[in-house]
Every structure is written in structure tokens, then in C-alpha cells.
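*Asks:* Whatever this is, show me its structure:
(one chain, ligands or ions: 1)
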Amino acid sequence: MSLPASDTSKRADQRTTMDLGAVLPKTAAVEDDHLHIGGVDMVELAQQQGTPLYVFDEADLTFRMQEYRRAFRERYPDSDIIYASKSFLNKEVVRLAEREGLCLDVSGGGELACARMVDFPMQRVFVHGNNKTFDELNEAISAGVGRIVVDSRTELRRVAAIAKEHGTTQNIYLRITPGVEADTHEYIRTGCEDSKFGFTMREDFAFTCLEEAINTDNVRLVGLHCHIGSQIFALHSFAEAVEVMVAFMARVRDEYGYAIEELDMGGGLGIAYTAEDEPSSVDDFAETITAAVKRCCAEHDLPLPRLLVEPGRSLTANAGVTLYRVGNMKTLPGIRKYVAIDGGMSDNIRTALYHAEYEPTIANKAGQPRTEIVTLCGKHCESGDAVVIDMPLQVAAVDDIVCVFATGAYNATMASNYNGQPRPAVVFVKDGEARVTTRRETYEDLYSRDM
Ligand SMILES: *Cc1c(COP(=O)(O)O)cnc(C)c1O
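*Replies:* Numbering: from 1, shown residues only. Okay, the predicted model is just below:
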């Protein structure tokens with residue numbers, strides 16, 4: 001694993017922190033050259049809580065949850081928003097989702113356990129996963145979850161058998177791969193067929209399994225689900241998927257006289273990681289999906305189903321940032337400048353994994369232009385360990401506090417203890433107050449499972 005060759009054509013511009021616009025959490029501000037979020041000085045917070053540190057703008061997170069609900073409900077009253085917990089999960093965010101009236105998407109027993117620990121209403125839980133174990137299904141069914149999204153024929157039989165044991169009937173969805181693959185710019189019709197998830201529509205396989213689901217005791221097929229991808233900018237991909245799904249619902253009605261009552265279109269709306277990204281708004285996303293559902297249902301003379309979407313990244317990514325402390329620098333003329341921070345691939349694997357892009361700033365120089373192109377490398381024993389590759393930054397000095405934006409999604413939930421690194425604390429900031437919602441891992445924690 002190594003870094004891509006430095007793009008030496010890249011030039012720093014005069015943009016400062018506040019020019020990053022949609023990348024920033026909503027309450028970001030610069031006062032006396034210091035970055036503030038939620039009315040809290042990020043430099044002081046880093047000093048108090050230590051680094052690396054995950055920080056969430058609670059007002060931003062709440063705003064996005066409310067925005068999703070409003071955008072859908074004002075266009076389509078019988079709709080619900082499901083929080084995709086894999087993007088960011090701790091007890092406090094589940095409580096927040098509960099308060100804001102969202103449903104919860106869990107994948108497997110560990111995420112379900114978090115929901116149970118904070119008494120999240122089980123009827124609002126949707127269980128996903130392409131290979132849920134027997135134990136996980138058993139936990140979900142005995143907890144009384146609202147919907148299990150069935151991913152295979154084997155699982156359909158397993159769910160029915162467990163529900164029978166419990167003397168209940170479990171409401172289920174079938175996950176369908178509609179053959180629409182979304183990309184930031186284009187969609188490719190065939191790509192998504194090669195997926196480990198769900199029932200392929202090829203050779204009527206989904207249809208055959210659906211017939212089995214209808215005729216199986218102890219399960220009630222209430223809906224269909226699809227999820228066409230993530231970080232999607234092109235909304236027409238969602239409309240295309242709606243067309244395939246509604247046509248499928250019409251065929252189920254025509255051939256079996258069976259009504260599919262609910263349609264879950266998954267998540268995937270893209271977000272701004274860099275100042276150049278121009279994602280679609282939640283309103284445009286809602287308009288595209290609800291208009292497509294209404295139009296397709298009218299075409300097929302179908303009643304409107306209950307409509308659900310499952311955003312993850314677009315709720316959490318921009319609400320979260322990560323703070324680090326600079327340890328040292330290294331300039332390799334004609335190659336690149338490294339600024340070494342006290343975290344790395346253990347708290348943000350996305351850059352090492354697929355060269356994800358992030359915008360950094362120095363929290364104690366936040367009002368100054370970012371005049372150098374640097375690579376923020378981590379402290380781990382891998383050459384490819386970087387959080388930011390070739391992006392503009394103010395001239396860094398040892399002990400500066402670096403803030404990397406848009407790290408709220410798929411950072412904390414993918415964190416590891418590589419090199420014995422304790423995982424960072426998670427702090428929520430709001431109205432000038434900071435509260436720790438997940439404490440920093442200790443050395444004790446690291447080895448607490450060892451015999
Ligand atoms: C990952 C996932 C989501 C959330 O996707 P985002 O791109 O984060 O919005 C929703 N539903 C399912 C089934 C997923 O696997």
C-alpha cells in the first residue's frame with residue numbers, strides 16, 4: 001500500500017476555512033483565527049479532550065434529520081426516514097434519531113444491541129445484512145423488530161423457522177438488485193447485477209423467491225427494498241431504480257393479486273467532501289424519488305405505497321470533523337510535503353482504502369489562507385497511511401491543531417486499534433457546550449478481552 005504520486009500541478013489558492021461552504025458543519029465559524037463549531041473553540045477542545053478527537057455539530061445533525069423528514073413528508077405524507085446506523089453509531093445518535101422521529105437501519109446483532117440498550121422502539125428498526133447469522137436473526141425476532149430485509153432464499157426459510165419457534169409472524173421486505181448502478185456522473189445498467197446483496201431480477205429469480213415468500217407461513221411480505229449505491233450525485237439513477245421497483249410491484253399484483261404495501265429506496269445521496277463537490281440537495285433528492293413513485297404508480301394504476309429512504313452519509317458526514325495534533329513535518333523537494341498527525345488509518349481508513357478526499361484546516365490558524373499543498377500522514381506502520389493527500393493547508397508548525405472536515409460518516413464506525421491505537425472519544429458540541437458521548441478508549445480497554 002502506498003500513496004499515489006503527488007499531483008504537482010496542484011496549487012494552493014487563497015481560500016480560507018469559511019470558503020469551504022457545504023463541506024463545513026453548519027455552525028462552523030472563525031473567531032480570532034480559531035475554528036469554532038457549535039460555539040466551542042476547537043483548539044481549546046483539543047487541549048481539554050486530547051487528540052485525535054471526533055467532534056459532531058449536534059445542531060447540524062438535528063437539522064439534517066429534520067430536513068429529510070420535512071422534505072419527504074411535505075411531498076409524500078406516508079413516508080419515513082430510516083437512519084443508516086453504519087455511517088455513525090453510538091448511543092447518543094440513536095437517542096437523537098429517536099427524538100427526531102426517525103426509524104433505524106441496523107446491520108447485524110451489534111448495531112441492534114445499541115438500539116436495544118437505549119430503548120429505541122423496536123417497531124421502528126429495520127434489519128439489514130447479506131448474511132445475518134442464525135443468532136442475529138433470533139435476537140432480532142425475539143426483540144420484535146419492525147422489518148427484516150430478507151436477502152436470500154436461505155434467509156427467508158431461516159426467518160420463517162425462527163418466527164415459528166417464537167409463535168409469531170415476522171414482517172419482512174425482500175431486497176432486490178434493480179440492475180441500476182449509480183455513479184457520480186453516469187449510471188451503468190448492468191454493473192449492479194454482480195452484487196452479493198439481494199435477489200437478482202435475472203431469470204426471474206427475484207420473482208420466484210417472492211412467490212415463495214408470499215406462500216411461507218410465519219412471515220408477511222410487506223415491502224420491497226433496494227439500495228443502488230453510495231455517494232451518488234446523479235439523481236436520475238434513483239428515478240431509474242424507482243421505475244424498476246414499481247414495475248416489479250405491478251407485476252406482483254398482476255400475477256398474484258398481491259399488494260406490496262411499502263417501498264424502501266435505500267440511501268446513497270452524495271455529499272461535499274471537497275469545495276469542488278456539488279452534491280444534490282435533500283429537497284431535490286426527495287422531489288426526484290417522490291415524483292417518480294407517484295408517476296410510476298399512476299402509470300401502473302397502483303395505490304401509493306408507504307415510502308422509505310435510508311440515508312447515512314448525507315446525515316452524518318458533514319456534521320462531523322476530526323481534530324489532530326501536528327507532531328512533525330518532512331519536505332521532499334519535487335515529491336511532496338508531509339505533515340504528520342497523531343492519528344491516521346486507525347481513525348479514518350477511507351483515505352488509505354480508496355484515496356478518499358478531505359479538506360483540512362489548521363484550527364488555530366483558521367482565518368489564514370491555506371497556501372501549501374500537503375499530505376497529512378498518520379502515525380501508523382504503513383506507507384499508505386494518510387488522511388489527506390495533496391490538499392491545501394496553512395503553513396503548519398509542531399503542536400498545531402489540524403481539523404479534517406466531513407469525517408462524520410464511515411470514520412468512527414470503521415476505526416481500528418492498529419498499532420495499539422486507542423480509538424478516539426466522540427464529543428457532541430452545541431450552544432457553546434461540549435459533551436463526551438463516547439469516551440476515549442484506554443490501554444486497559446485494548447487488552448480487556450485477553451486471557
Ligand atoms: C450503507 C447503506 C445505506 C446508507 O447509505 P449512505 O450512502 O450512507 O446514505 C442505506 N441502506 C443500506 C442497505 C446500506 O447498506
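
*Asks:* tell me the pLDDT at the residue of the stretch 301-450 of the chain at minimum distance from the ligand?
*Replies:* Nearest residue of the stretch 301-450 of the chain to the ligand: Gly312, at 2.7 Å (CB to the nearest ligand atom). In short, each C-beta sits where N, CA and C put it, glycine included. With respect to pLDDT, Gly312 has a value of 98.

*Asks:* Phi first, then psi, for the spatially closest residue to Pro4 that is not a sequence neighbour.
*Replies:* Excluding the flanking residues, the one nearest Pro4 by CB to CB, 6 or more residues apart in numbering is His355, at 6.1 Å. Dihedral pair for His355: phi 50, psi 40, per degrees, to the nearest 10.

*Asks:* helix/strand/coil for the residue in the stretch 151-300 of the chain positioned nearest to the ligand?
*Replies:* The ligand sits closest to Gly267 of the stretch 151-300 of the chain, with a gap of 2.8 Å, by CB to the nearest ligand atom. Recorded secondary structure, Gly267: coil (DSSP: H, G, I helix; E, B strand; the rest coil).

*Asks:* Neighbouring strands - and their directions - for the helix or strand of the chain with the lowest mean pLDDT?
*Replies:* Least confident element among the helices and strands of the chain, by mean pLDDT, DSSP states H and E: strand 199-200 (a mean of 83). Using DSSP bridges, strand 199-200 pairs in its sheet with strand 170-177 (parallel).

*Asks:* what's in contact with the partner strand?
*Replies:* Strand 170-177 is contacted from outside by 126, 128, 141, 146-151, 156, 159-160, 162-163, 192-193, 195, 197-201, 206, 209-210, 213, 218-227, 245, 248, 262, 264, using CB atoms under 8 Å, 6 or more residues apart in numbering.

*Asks:* what do you get for stretch 267-274?
*Replies:* 21-23, 84, 182, 184, 227-233, 238, 277-280, 282, 285, 309-314, 317-318, 356-359, 391, 406, 409.

*Asks:* could you redo the last one with a cut-off of 7 Å?
*Replies:* 22-23, 84, 182, 184, 227-233, 279-280, 285, 309-314, 317-318, 356-359, 406 (CB atoms under 7 Å, 6 or more residues apart in numbering).

*Asks:* Give the buried residues for that stretch.
*Replies:* 267-273 (16 or more other CB atoms under 10 Å).

*Asks:* quick one: it to chain centroid distance?
*Replies:* 9 Å (CA atoms, centre = their mean, to the nearest Å).

*Asks:* Could I get the CA-only coordinates of that stretch as CSV?
*Replies:* Taking C-alpha atoms only, stretch 267-274 is exported to CSV below (Å, rounded to 0.1, in the frame of the first residue of the first chain):
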residue,chain,number,x,y,z
GLY,A,267,-29.7,5.6,0.9
GLY,A,268,-26.8,6.9,-1.1
LEU,A,269,-27.2,10.6,-1.6
GLY,A,270,-23.8,12.1,-2.1
ILE,A,271,-22.2,14.9,0.0
ALA,A,272,-19.5,17.5,-0.4
TYR,A,273,-16.1,16.2,0.7
THR,A,274,-14.2,19.0,-1.1
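
*Asks:* Does Phe197 touch Asp151 like I think?
*Replies:* Yes - taking contacts as CB atoms under 7 Å, Phe197 lies within contact range of Asp151: 6.4 Å.

*Asks:* any common contacting residues for those two?
*Replies:* Here Phe197 and Asp151 have 130, 175 as joint contacts, going by CB under 7 Å, 6+ apart.

*Asks:* Write out the residues of the stretch 201-350 of the chain neighbouring the ligand.
*Replies:* 227, 230, 266-269, 310-314 (CB under 6 Å from any ligand atom).

*Asks:* For Tyr273, see how far away the residue nearest to Pro4 is.
*Replies:* 12 Å (CB to CB, to the nearest Å).

*Asks:* any idea which helix is longest in this protein?
*Replies:* helix 236-256 (DSSP state H).

*Asks:* Find the helix or strand that Ser416 is a member of.
*Replies:* Using DSSP states H and E, Ser416 falls within no helix or strand.

*Asks:* Report the contact partners of it.
*Replies:* Contacts here follow CB under 7 Å, 6+ apart; on that basis Ser416 touches Ser346.

*Asks:* Give me the subset of the contacts of stretch 267-274 that lies in helices.
*Replies:* Per DSSP H, the contacts of stretch 267-274 map to helices at 285, 313-314.

*Asks:* Quick one: those residues as CSV, columns for distance to Phe72 and neighbour count too.
*Replies:* As requested, these are arranged in CSV below (distance: CB to CB, whole Å; neighbours: other CB atoms under 10 Å):
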residue, distance to Phe72, neighbour count
Phe285, 9, 24
Arg313, 17, 25
Ser314, 13, 27
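
*Asks:* What separation is there between the residue in the chain sticking out farthest from the centre and Ser6?
*Replies:* Largest separation from the mean C-alpha position in the chain: Pro333, at 37.9 Å (CA atoms, centre = their mean). Using CB to CB, we find Pro333 at a distance of 11 Å from Ser6.

*Asks:* same deal with Thr154?
*Replies:* 48 Å.

*Asks:* Tell me how many other residues surround Leu302.
*Replies:* 18 (other CB atoms under 10 Å).

*Asks:* avg pLDDT for the lengthiest strand in the chain?
*Replies:* For the chain, the strand that runs over the most residues, judged by DSSP state E, is strand 320-332. Averaged across strand 320-332, the pLDDT comes to 97.

*Asks:* Which single one of the residues of the stretch 201-350 of the chain next to the ligand is nearest to Val293?
*Replies:* Gly266 (13.5 Å; CB to CB).

*Asks:* Which residues are in contact with that closest one?
*Replies:* Going by CB under 7 Å, 6+ apart, Gly266 touches 225-228, 309-310.

*Asks:* again, but for Gly223
*Replies:* 173, 260-264.

*Asks:* Now do Arg202, the pLDDT please.
*Replies:* pLDDT, read off for Arg202, is 73.
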